[in-house]
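Colleague: turn this into a structure:
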Amino acid sequence: MTRLHSHSPAATSRLGRKMGALLAAGDVLCLSGGLGAGKTCLCRGIGIGFGAQTQLTSPSYNLVHEHRRAKDETRLYHLDCYRLGNPQEAQSLGIDDILDGSGAVIIEWAERIEPFLPAERLWIDFDMRAESRRDLHCQAVGERPISLLADFLRALEK
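Modeller: Below you'll find the model as predicted:
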């Protein structure tokens with residue numbers, strides 16, 4: 001497990017931009033942590049780094065937002081599972097189609113649909129340490145997620 005630190009929303013967004021630049025179709029990024037932990041802030045940065053044509057916002061009410069990258073039309077799905085009552089409700093979101101590998105996927109409150117998640121994924125758990133400090137615990141499972149995490153850590157060194 002890798003632990004990163006963020007001391008501000010701007011720093012969390014910068015982390016997201018670095019991650020977003022690396023995402024490819026088939027990548028699954030699972031985010032967990034309490035309300036206000038910074039998940040959506042990270043997602044906004046990911047959208048910028050990914051090159052999404054529209055800004056990522058919280059999909060709490062729509063549950064799923066689909067974004068496209070201008071340079072190659074790769075899709076980025078952004079899900080917020082906070083309002084789901086049980087994991088089976090993920091089926092109504094079309095979770096099987098979203099996770100078919102045709103786009104990159106970010107899932108906030110991913111623990112709520114864990115039975116539907118692929119085994120290979122990068123999980124980031126947000127731990128609120130203080131008003132503006134967050135620890136991000138990253139765990140990669142599978143060849144591509146491990147490679148993605150390693151590339152992300154190298155990008156942070158630049």
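
Colleague: for the helix ranked longest in the chain, which outside residues touch it?
Modeller: Criterion DSSP state H: the longest helix present in the chain is helix 143-157. Helix 143-157 has contacts (C-beta atoms under 8 Å, 6 or more residues apart in numbering) with 2, 4, 15, 18-19, 21-23, 26-28, 120-122, 138, 140. Bear in mind the C-beta positions are built from the backbone N, C-alpha and C, glycine included.

Colleague: which one of the residues you listed is nearest to residue 74?
Modeller: Among the contacts of helix 143-157, residue 23 lies closest to residue 74 (C-beta to C-beta), at 8.4 Å.

Colleague: among the contacts of helix 143-157, which pair sits farthest apart?
Modeller: It's 4 and 26 that sit farthest apart of those, by C-beta to C-beta, at 23.1 Å.

Colleague: which residues of this protein fall in strands?
Modeller: In the chain, the segments counted as strands under DSSP state E are 2-6, 28-32, 64-68, 75-80, 103-108, 121-128, 134-141.

Colleague: buried deepest among the ones you listed, which one?
Modeller: The highest mean neighbour count among the strands of the chain, using mean count of other C-beta atoms under 10 Å, belongs to strand 103-108: a mean of 26.

Colleague: what residues are up against residue 36?
Modeller: By C-beta under 8 Å, 6+ apart, residue 36 lies in contact with residue 128.

Colleague: so residue 34 touches residue 126, yeah?
Modeller: Yes: counting by C-beta atoms under 8 Å, residue 34 does reach residue 126; the two are 7.3 Å apart.

Colleague: flag every buried residue along the longest helix of the chain.
Modeller: Under the neighbour-count criterion of 16 or more other C-beta atoms under 10 Å, helix 143-157 has 144-145, 148-149, 152 buried.

Colleague: what of stretch 113-123?
Modeller: Buried-residue list, stretch 113-123, by 16+ other C-beta under 10 Å: 113, 116-117, 121-123.

Colleague: and of these, the nearest to residue 76?
Modeller: Out of the buried residues of stretch 113-123, the member with the shortest distance to residue 76 (by C-beta to C-beta) is residue 122, at 14.4 Å.

Colleague: and that closest one, how far from residue 130?
Modeller: For residue 122, the distance to residue 130 equals 25 Å [C-beta to C-beta, to the nearest Å].

Colleague: sorry, back to before: of the contacts of helix 143-157, closest to residue 51?
Modeller: Among these, and counting by C-beta to C-beta, the member closest to residue 51 is residue 21, at 8.1 Å.
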